[in-house]
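Undergrad: here's a sequence, model it:
(one chain, ligands or ions: 1)
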Amino acid sequence: MIRRMLKKTRAKILYGRGFNARGVGGQELDFLMKHIPENKVVMEIGCGFGQNTRRFADKGNMIYAVDPFLPERNLKTLMGENPEYVFNCFIKSIEGRNVLHYDMTSKEALEMYDGIKLDFLFIDGEHTYNALEIDTKWIKHVKKGGLFAFHDCSCEEVNDFLVEHIFPKYKFIGSRFSLFIFRK
Ligand SMILES: C[S@@+](CC[C@H](N)C(=O)[O-])C[C@H]1O[C@@H](n2cnc3c(N)ncnc32)[C@H](O)[C@@H]1O
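TA: Numbers count the residues shown, from 1 in each chain. Below you'll find the predicted structure:
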């Protein structure tokens, strides 16, 4: 049932081309923003152009933003080959906001993290099974009862990871297209 639901969303996804990420949009974005808290602590793994980093910050949140902006030819990160351009857009987007940028991979950031508990974790970095094994280690930093979300769940490896490791363990809150939210 879960697998069928996730497969259905897969057909609707258009993958990024060049440096153009497939961002969270439309109903996905409305659903995500409805669950983003206010005046709390939010982490985003994989920030891209930073338009959502800014939206999260504009709800009064402190944002931990993890993204190394590395060149990527494998579209599983959905960013393409122009990370400098994306990085510059990100910096402009978060200007003046309460955002702490970890300019490193999710794995590296885990070693540097100050340990503050998260109210919301948004995982939207490298869309591979192996990367999710790392990214989901951040769930231990989410407060009990806090929420965490995944984007691009229609990517096959993300789909498989959720089916095997997340659905059996955490409460499923809901989804819109390729955006899935869970409670710790
Ligand atoms: C699809 S984009 C993120 C889009 C963004 N969350 C949004 O809502 O617009 C994916 C991002 O993940 C970043 N990324 C790739 N591997 C990563 C890793 N290991 N750790 C953190 N970020 C990573 C890429 O640099 C890219 O900016």
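Undergrad: other residues contacting stretch 106-123?
TA: Stretch 106-123 is touched from outside by 32, 35-37, 40-46, 52, 56, 61, 64, 66, 68, 102, 104, 125-126, 131-132, 134-139, 141-143, 146-151, with contacts defined as Cβ atoms under 8 Å, 6 or more residues apart in numbering. For the C-beta atoms, the positions are set from N, CA and C on the backbone; glycine is no exception.
Undergrad: that one vs the ligand: in contact?
TA: Yes: where contact is defined by Cβ under 6 Å from any ligand atom, part of stretch 106-123 touches the ligand, namely residue 106.
Undergrad: dump the residue contacts of residue 100.
TA: Shown here is residue 100, whose contacts under the criterion Cβ under 8 Å, 6+ apart are 62-65.
Undergrad: buried residues in the helix or strand that contains it?
TA: For residue 100, the host element (DSSP states H and E) is strand 99-102. Applying a neighbour-count criterion of 16 or more other Cβ atoms under 10 Å, the buried positions in strand 99-102 are 99, 101-102.
Undergrad: could I get the average pLDDT for the lengthiest strand in the chain?
TA: Secondary structure of the chain read by DSSP state E shows that its longest strand is strand 142-150. Within the predicted structure, the mean pLDDT of strand 142-150 is 98.
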